[in-house]
Structure formats: structure tokens, C-alpha cells
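**Student:** Here's my sequence, what's the structure:
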Amino acid sequence: MRLAFAPDAPLGEVVADAALVQRQADDGAWVGEAGGNRFSVQGPQDPAEAGSLAHTGPREWAYGGMAVAALAAGGGLLLGARRIRASG
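**Tutor:** The predicted model follows:
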């Protein structure tokens, strides 16, 4: 599990509880619970580190471009298959 906190988050001890609910049709069933996980929030040793967990870096544009290309290719394949079916 990875956590990130806002730069203005208060420092000190924290207890995190996690509950798991499994959705079944329109209702949910309680599956389990992770007891209190105790940890402490500390400030970054290097101010440049603040927010580094949420930043994905320069590759985010490449991944976005690849996603757009994959969607365009999939749409083209669907249109091609529809035309083949209509003409056949």
C-alpha cells in the first residue's frame, strides 16, 4: 500500500483502518477488516521530495499518446469489421 499526503498535512501519529466490502448485485457484503495500522507522518527530509509520489514524470505524455493511439486503432478495427460484415 502506498500513501501520499498533501504538503499541508499535519505531522504526527496516525492510525489507518481498512474495511473491505464485496459488491454483489445491488447489495454489498462485509468481507473483512484490517485492524489499525499505526504509523507517523513526517515531513520530507528534502523539500524537493514533497509530492514526488503523485508525480508521474515526463512519461505521462507518452502513456497518454499510446492510449489515444490504441483507442484509435481499436475504433478503426471495429469500423473495418462492420464494413466487411455489411458488404459480405
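**Student:** All the helices of this structure, residue numbers only.
**Tutor:** 59-87 (DSSP state H).
**Student:** Report the residue spans of it with pLDDT below the cut-off.
**Tutor:** Residue ranges of the chain with pLDDT under 70: 1-2, 25, 28-30, 44-60, 88.
**Student:** Repeat the analysis, applying 80 as the threshold.
**Tutor:** 1-8, 18-36, 43-63, 88 (pLDDT under 80).
**Student:** Who are the packing partners of the lengthiest strand in the chain?
**Tutor:** Taking DSSP state E as the criterion, the chain has its longest strand at strand 27-41. Packing partners of strand 27-41 (3 or more Cβ pairs under 8 Å, 6 or more residues apart in numbering; DSSP states H and E): strand 12-24. Glycine gets a C-beta too; all of them are placed from N, C-alpha and C.
**Student:** Mind listing residues that contact the strand it packs on?
**Tutor:** If you take Cβ atoms under 8 Å, 6 or more residues apart in numbering as the criterion, strand 12-24 is touched by 3, 28-41.
**Student:** What angle do strand 27-41 and that strand make with each other?
**Tutor:** 160 degrees (axes from the mean of the first three to the mean of the last three Cα atoms, to 10 degrees).
**Student:** how far does strand 12-24 sit from the chain's center?
**Tutor:** For strand 12-24, the gap between its own C-alpha mean and the chain's C-alpha mean amounts to 17 Å (Cα atoms, centre = their mean, to the nearest Å).
**Student:** Pull out the buried residues from that strand.
**Tutor:** By neighbour count on 16 or more other Cβ atoms under 10 Å, the buried set for strand 12-24 is empty.
**Student:** For the nearest residue to Q42 once chain neighbours are set aside, give its distance to D26.
**Tutor:** Among residues not flanking Q42 along the chain, L11 sits closest, at 6.2 Å (Cβ to Cβ, 6 or more residues apart in numbering). For L11, the distance to D26 equals 42 Å [Cβ to Cβ, to the nearest Å].
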